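Colleague: Have a look at this fold, sequence not included:
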DNA sequence: AAGTGGTCTAGACCACATT
DNA sequence: ATGTGGTCTAGACCACTTA
């Protein structure tokens, strides 16, 4: 357990001990002191060195296994995963974060911000509203490195978010604005389909009519499963690529042995 | 804890108790005895009724929370998630399974099956091979309800899979064939982008040139992180829609309080 | 024989919600 | 005051791998 000598955990911190242990192990991975394929400290080793219970050490390691950073082999140990496998390929991010992660500078040009009564019925349904409810519509051209990337139209229930009309949505992220008002989106359902650029969109995206484009519809939810936002985004096909990691479903046992 | 009266757990089964509890709770959800939004049995309640430790009951419930079937609210209880939230929207499936899930009848027309020396360098890299290695190429037109759905080209390392040349890949699934030979793919990385149908593809997909299409590239891996298969699929834009569920990354605390 | 992850127990204290 | 999930402890037994 030499590798653990340097750091310890604070037992009376507001941060759970297992979280502190997760961080310690992640730091070992990120700093390269633990390489892919290499064996991570054992649960008992961590517990002894840090003076904590094995179950607490195990909670930390299990969490890292669940997130794909480590994998465990019964009888042998816990090992560091291949980096490719632990890429967060399906994280809920804002356009701003997404572009930054791709190494591009995000930007926005506000095209429309207002209240509307007319929207496809699908949108009311996604937000759990009736056609009588008002909607806030935010229409923006999103840029990456100052070049047009996508056309984005967001819909939110008007009643809760009228304050958004006062917000600066060109320089700041909509998600940041929501969070600073205590609204946190934790889940989203996305549907992607291929389409082509139409005349009204052609000029704004600076590509010719008929150019390939990715149409993404996203419905975002809070922790309490309340739908807050419906976004329709039209990405230039030549500039945007969507990545995902798929996993085979873990069979849930418990039937007949 | 009335709701638990009927079933019990077998303490000496080879199936872990927490797995049995997971199954019991899932059955309550699937059968409708527990509805979305409703409170699930408490950890202590489960423990008392089934005569197990609370930590074991908690392991079951935490697992169901992690998988999105339940969500917990500290101080209040654990509740059944909205069904939409627990759809396995990003499961690794074969074309065959995917179409069946969409209620369509899958089919395949074998266009080419053979060994090749010439493939884009990207494919060798994805499979961890060198250009000197031989590749198996399977080119198929995939249909759904007898209508063209996508053009699919699969590449596999030749050395391990020459037996595939004898396989019936029109009526059967490639994944099924692999599994029956002990090769199980458990993870895949997918990249999606919008494109348009070109002349060579137009006739096979029975859509005109310039029609929107979704290009999907998938690299599939075994449990041991060995890349087995690279697939390039061109889906008709009007027939195929890709769905995904995104989650906000759980912040990993542990820095300064 | 020693070490490992996987499972399980019977308690405990906390912050928070509800009543 | 009671019940809830969240965290933590100090043990235990098992099946497995490695030496």
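Modeller: Sure, I can see it. Since this is a predicted model, take the numbers as computed values, not measurements.

Colleague: Distance-wise, check the residue nearest in space to the middle of chain A relative to residue A:229.
Modeller: Nearest to the geometric centre of chain A sits residue A:92, at 1.9 Å (CA atoms, centre = their mean). Here residue A:92 is placed at a distance of 11 Å from residue A:229 (CB to CB, to the nearest Å). For the C-beta atoms, the positions are set from N, CA and C on the backbone; glycine is no exception.

Colleague: what do the two both touch?
Modeller: By the contact definition CB atoms under 8 Å, 6 or more residues apart in numbering or on different chains, residue A:92 and residue A:229 are jointly contacted by A:185, A:220.

Colleague: My read is that residue A:156 contacts residue A:133, right?
Modeller: No. The pair residue A:156 and residue A:133 fails to qualify as a contact (CB atoms under 8 Å) at a distance of 10.9 Å.

Colleague: ok, these two, which is more surrounded?
Modeller: residue A:156 (23 against 13; other CB atoms under 10 Å in any protein chain shown).

Colleague: which one is that one nearest to, not counting chain neighbours?
Modeller: Leaving out its chain neighbours, the residue that sits closest to residue A:156 by CB to CB, 6 or more residues apart in numbering or on different chains is residue A:136, at 4.6 Å.

Colleague: bridging residues for that neighbour?
Modeller: residue A:115, residue A:156 (DSSP bridges).

Colleague: what about residue A:204, how many residues close to it?
Modeller: Applying other CB under 10 Å, we find 16 residues neighbouring residue A:204.

Colleague: For it, which non-adjacent residue is closest in space?
Modeller: residue A:141 (5.4 Å).

Colleague: again with residue A:76
Modeller: residue A:39 (7.8 Å).

Colleague: Counting neighbours, what do you get for that neighbour?
Modeller: 13.

Colleague: pLDDT wise, what is the closest residue to chain B within the stretch 1-150 of chain A at?
Modeller: Residue nearest to chain B within the stretch 1-150 of chain A: residue A:23 (2.6 Å; CB to the nearest CB). With respect to pLDDT, residue A:23 scores 93.

Colleague: Residue A:13 against residue A:21, yeah?
Modeller: No. Here residue A:13 lies out of contact with residue A:21, judged by CB under 8 Å, at a distance of 11.9 Å.

Colleague: More neighbours: which of the two?
Modeller: residue A:21 (27 against 14).

Colleague: The more buried one and DNA strand C, how far apart?
Modeller: 13 Å (CB to the nearest atom of the strand, to the nearest Å).

Colleague: I'd assumed residue A:50 was in contact with that residue.
Modeller: Yes. Using CB under 8 Å, residue A:21 is in contact with residue A:50, at 6.9 Å.

Colleague: shared neighbours of those two, which are they?
Modeller: A:9, A:57.

Colleague: quick one on the thing from earlier: look up which helix or strand the residue nearest to residue A:204 falls in, please.
Modeller: Assessed by DSSP states H and E, residue A:141 sits inside strand A:135-144.

Colleague: any chance you could map the strands in the stretch 101-250 of chain A?
Modeller: A:106-116, A:135-144, A:147-157, A:185-196, A:212-222, A:227-236, A:242-247 (DSSP state E, counting those that start in this stretch).

Colleague: With distance to DNA strand C and mean pLDDT added, can I get these in CSV?
Modeller: Shown next, in CSV, are those (distance: least, CB to the nearest atom of the strand, whole Å; pLDDT from 0 to 100):
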stretch, distance to DNA strand C, mean pLDDT
strand A:106-116, 33, 94
strand A:135-144, 28, 96
strand A:147-157, 23, 96
strand A:185-196, 17, 92
strand A:212-222, 15, 94
strand A:227-236, 20, 96
strand A:242-247, 17, 87
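
Colleague: The ones you listed: which one's closest to residue B:112?
Modeller: strand A:185-196 (24.4 Å; CB to CB).

Colleague: What residues sit buried inside that closest one?
Modeller: A:185-190, A:192-196 (16 or more other CB atoms under 10 Å in any protein chain shown).

Colleague: check whether that strand contacts chain B.
Modeller: Yes. Contact of strand A:185-196 with chain B (CB under 8 Å from any CB of the partner chain) involves A:185-196.

Colleague: Now flag whichever of those is closest to residue B:151.
Modeller: Residue B:151 lies nearest to residue A:194 out of the residues of strand A:185-196 next to chain B, by CB to CB, at 13.7 Å.

Colleague: picking that back up, what's opposite the nearest residue to the residue nearest to the centre of chain A once chain neighbours are set aside in the beta bridge?
Modeller: Nearest residue to residue A:92 in three dimensions, chain neighbours excluded: residue B:246, at 3.9 Å (CB to CB, 6+ apart). Beta bridges link residue B:246 to residue A:188, judged by DSSP bridges.

Colleague: quick one, what contacts residue B:246?
Modeller: A:90-93, A:187-190, A:218 are the contacts of residue B:246 under CB under 8 Å, 6+ apart.

Colleague: now the residues you listed in CSV, with distance to residue B:213?
Modeller: Output for the contacts of residue B:246, formatted as CSV (distance: CB to CB, whole Å):
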residue, distance to residue B:213
A:90, 23
A:91, 27
A:92, 27
A:93, 26
A:187, 29
A:188, 25
A:189, 23
A:190, 19
A:218, 22
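
Colleague: Surely the residue nearest to residue A:156 is in contact with residue A:164?
Modeller: Yes. Between residue A:136 and residue A:164 there is a contact at 6.1 Å, judged by CB under 8 Å.

Colleague: hmm, back to that, backbone dihedrals for the residue nearest to residue A:76, both of them.
Modeller: phi -80, psi 130 (degrees, to the nearest 10).

Colleague: What's the separation between it and residue A:71?
Modeller: When residue A:39 is compared with residue A:71 (using CB to CB), they lie 11 Å apart.

Colleague: out of everything not next to it in sequence, what's closest to residue A:107?
Modeller: Here the residue nearest residue A:107, using CB to CB, 6+ apart, is residue A:143, at 4.0 Å.

Colleague: quick one: that neighbour from residue A:152, how far?
Modeller: When residue A:143 is compared with residue A:152 (using CB to CB), they lie 11 Å apart.

Colleague: which one of the two has more residues nearby?
Modeller: Taking neighbours as other CB under 10 Å, residue A:143 and residue A:152 compare with residue A:152 leading, 21 against 18.

Colleague: Quick one: residues contacting the more buried one.
Modeller: A:95, A:138-142, A:231-234.

Colleague: Is residue A:105 in contact with residue A:145, as I believe?
Modeller: Yes. The criterion here is CB under 8 Å, and residue A:105 meets it with residue A:145 at 5.2 Å.

Colleague: Endpoints of stretch A:156-174, how far apart?
Modeller: Taking CA to CA, to the nearest Å, the first and last residues of stretch A:156-174 lie 11 Å apart.

Colleague: in it, what's buried?
Modeller: A:156-158, A:161, A:164, A:167, A:169, A:173-174.

Colleague: Show me what residue of the stretch 151-257 of chain A gets nearest to DNA strand D.
Modeller: Closest approach between the stretch 151-257 of chain A and DNA strand D, counting by CB to the nearest atom of the strand: residue A:223, at 11.1 Å.

Colleague: Could you count how many residues lie near that residue?
Modeller: 12.

Colleague: Next, the contact list for the closest residue to it other than its chain neighbours, please.
Modeller: Leaving out its chain neighbours, the residue that sits closest to residue A:223 by CB to CB, 6+ apart is residue A:186, at 5.1 Å. By CB under 8 Å, 6+ apart, the residues touching residue A:186 are A:92, A:221-223, B:247-248.

Colleague: repeat that with 10 Å
Modeller: A:92, A:220-225, B:71, B:246-250 (CB atoms under 10 Å, 6 or more residues apart in numbering or on different chains).

Colleague: From residue B:126, how far out is the nearest residue in space to residue A:244 that is not next to it in sequence?
Modeller: With CB to CB, 6+ apart as the criterion, residue A:244 has its nearest non-adjacent residue at 4.8 Å, and that residue is residue B:190. Applying CB to CB, the value for residue B:190 to residue B:126 is 12 Å.
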